[in-house]
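Asker: Below are the sequence and a predicted model for it; my questions follow.
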Amino acid sequence: MLNGVDTDFIVMIIWGAIFLIFVLKLFQSIRLVPTKSAYIVERLGKYHNTLDAGFHALVPFIDKVAYIHDLKEETIDVPPQECFSSDEVNVEVDGVIYISVVDPVKASYGITDYRYAAIQLAQTTTRSVIGTLDLDRTFEERDIISAKVVEVLDEAGAIWGIRVHRYEIKNITPPETVKNAMEMQVNAERERRALLAKSEGDKQSKINRSEGFMAETINLSEGEMQRRINEAEGKAEEILTLAKATAESIERLAVVISKPGGHSALRLQLGEQYFKQLEGLSDADNRVVLPANLINFEQWMTTMGLEDEFKAKK
């Protein structure tokens, strides 16, 4: 009797285990695929289909999700590696790859691990490209290196079911001795540029000063020339005015003399001026040549060249 109870209990345990396994497999056959994900389903070990985002039910014990792929773009770090440039300088290069799965089936069955393969291919391509460049160009032409790596990875990605969006070099680290030499070169170049900039500044300063002095000299000469022109024009105007005034006074004097009594008035005026001049001789410091007989007015008129006019007045 005890043996029968034990047997029934064991059978119940077995059936319970089978039921639990069946329920577990039933739940496992229900799949909720999130957005931007792809599930690769195998039926009896063979590829069956690809599950996109949404609700899916599988056949228990027959269908199995073999691979799960994230279709979003992902970044993969490329570890540092040593590369030799064309001038035999050893540099350490690392980078980052931006890739995404575009064909989940090829990514599952086209290669064992596409991430590892992409890293290895990026490293080998980077080494080959840097080997064609000298050290200075490796720092200047990172875009060429990145473009070449992307090109090679795209060719392989068509088979692997992935797409390489871009590859960026993070660091190019030369040896410490080369780095020190490059820093010295950069400092020397910076000092050269500073000296050149200073000399250019001094040159421009001297040019500006000379141009300023030249402009000042020109302005002064033009001002002096204009001043002399103005003075000459003023003197000419003054002479012209005096000539006109003298001519008018002579004409008026001639008119007055031609009138009756004009000669007498002229003689009277000349005599008045004559005696005024005699009064000022005592105060004069300069030597003056005078006729011997100052009282003889007619002789003085003859000496002054006014004899004819004096006689005419008489």
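Answerer: Received the coordinates, thanks. Numbers count the residues shown, from 1 in each chain.
Asker: residue contacts, the spatially closest residue to A156 that is not a sequence neighbour?
Answerer: Excluding the flanking residues, the one nearest A156 by CB to CB, 6 or more residues apart in numbering is L121, at 5.9 Å. In short, each C-beta sits where N, CA and C put it, glycine included. Contact analysis of L121 by CB atoms under 8 Å, 6 or more residues apart in numbering lists V152, L153, A156.
Asker: Tell me the most packed of those, by neighbour count.
Answerer: Ranked by neighbour count (other CB atoms under 10 Å), these have L153 at the top, with 24 neighbours.
Asker: So that residue belongs to a strand, correct?
Answerer: No: under DSSP: H, G, I helix; E, B strand; the rest coil, L153 sits outside any strand and is assigned helix.
Asker: Going forward, count from 8.
Answerer: Yep, numbering from 8; the last one is L160 now.
Asker: residues contacting it?
Answerer: Contacts for L160 (CB under 8 Å, 6+ apart) come out as I104, I106, A125, L128, A129, T132, V171, Y174.
Asker: Remind me what the longest helix anywhere in the chain packs against, helices and strands.
Answerer: Assignment by DSSP state H gives helix 183-265 as the longest helix of the chain. Contact here means 3 or more CB pairs under 8 Å, 6 or more residues apart in numbering; DSSP states H and E; on that basis helix 183-265 packs against helix 269-286.
Asker: how about a cut-off of 10 Å?
Answerer: helix 142-147, helix 269-286, helix 314-320 (3 or more CB pairs under 10 Å, 6 or more residues apart in numbering; DSSP states H and E).
Asker: mind showing which ranges of this protein have poor pLDDT?
Answerer: Applying pLDDT under 70 to the chain flags residues 8-13, 185-186, 188-189, 260, 263-264, 266, 268-321.
Asker: domains of it?
Answerer: 9-76, 81-181, 201-262, 267-320 (automatic domain parsing).
Asker: and M19, how far is that from S36?
Answerer: 26 Å (CB to CB, to the nearest Å).
Asker: Among the two, which residue is more densely surrounded?
Answerer: Each of M19 and S36 has its neighbours counted (other CB under 10 Å); S36 has more, 17 against 10.
Asker: Please report phi then psi for the more buried one.
Answerer: Here is the backbone geometry of S36 (degrees, to the nearest 10): phi -80, psi -10.
Asker: show me what contacts it?
Answerer: H63, A64, L65, V66, P67, F68, I69, D70, K71, V72 (CB atoms under 10 Å, 6 or more residues apart in numbering).
Asker: Over to D143?
Answerer: Residues in contact with D143, defined by CB under 10 Å, 6+ apart, are S92, D94, V96, M189, Q192.
Asker: just curious, which of these is nearest to I246?
Answerer: Q192 (79.3 Å; CB to CB).
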